[in-house]
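Colleague: what's the 3D shape of this:
(one chain, ligands or ions: 1)
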Amino acid sequence: MKQYVLFQENVIHIENQDRFLSNEKTPVFWSHQLVERHAAAIYTRGIYLKFLTELVNSTAFKVIEIEKDKVYDLEKHIRYEKPEFTREMFRVHVDLSTGSFKCFCGKFERDGIVCCHILRLFTQFDITHIPDKLIVDRWTISFREKELDKCKKEMVLLTGEDQSHNAVRYSILMSKVGEACLDIS
Ligand SMILES: [Zn+2]
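Modeller: Next up is the predicted model:
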């Protein structure tokens, strides 16, 4: 229980710090690519910095066309420090009409961050905005506001009563839950 509380405190602290930096600090751009501006506008600062690493690494790859607008191989033409994958070649399947990119490395499916191979193809196709399909809501600046909004609306819809009245009921309930948890722990 103690370990869990400590872990939870750490997560909240990291999130709050990230949120503070996202709102307070203006990012320093690494390139003149519009996709970087877009990433800075939508991602929290922590995720934006991870995106930036991928953008830098994307310049280490050259594009080999296998099937026009459908299949591409990305080949590493220069070695860089601490690569996430040791492999030299990555195949990416593309569907431009739906903004769908699927890379062999599977980073997006695992981390929710666009990998350097897909980013290299963005340059190839002059894509200036990250397609919706490749944006994970959880990593965006607006995520928490949207979630809070959703919760508020659900509370109102649930009972049909006045929202402020619900908020009071909610805080009383939460304090009771807190007391119960304290007793149990
Ligand atoms: Zn990849």
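
Colleague: what residues does this structure have near the ion?
Modeller: Within the chain, the positions near the ion by C-beta under 5 Å from the ion are 103, 105, 115, 117. (C-beta placed from N, C-alpha, C; glycine too.)

Colleague: hmm, the first one is touching Phe90, no?
Modeller: Looking back up the chat, that one is Cys103. Yes: contact status for Cys103 versus Phe90: in contact at 5.9 Å, counting by C-beta atoms under 8 Å.

Colleague: what touches both of these two?
Modeller: Common neighbours of Cys103 and Phe90, counting by C-beta atoms under 8 Å, 6 or more residues apart in numbering, are 115, 117.

Colleague: of the residues of the chain next to the ion, which is the most crowded?
Modeller: His117 (28 neighbours; other C-beta atoms under 10 Å).

Colleague: in stretch 39-59, what counts as buried?
Modeller: For stretch 39-59, the neighbour count (16 or more other C-beta atoms under 10 Å) marks 39-40, 42-48, 50-52, 54-55, 57-58 as buried.

Colleague: quick test: name the residue nearest the centre of the chain.
Modeller: For the chain, Trp139 is the residue whose C-alpha lies nearest the centre (C-alpha atoms, centre = their mean; 3.1 Å).

Colleague: what's the spacing between that residue and Asp111?
Modeller: To Asp111, Trp139 is 9 Å away according to C-beta to C-beta, to the nearest Å.

Colleague: residue ranges of the strands in the protein, please?
Modeller: Under the criterion DSSP state E, strands of the chain are mapped to 61-67, 71-76, 89-95, 100-103.

Colleague: which strands border the third one, and is each parallel or antiparallel?
Modeller: To tie it back to what came earlier, the one meant is strand 89-95. Paired strands of strand 89-95, with direction, are strand 71-76 (antiparallel), strand 100-103 (antiparallel) (DSSP bridges).

Colleague: can you redo the ones you listed as TSV with mean pLDDT?
Modeller: Output for those, formatted as TSV (pLDDT from 0 to 100):
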stretch	mean pLDDT
strand 71-76	97
strand 100-103	96
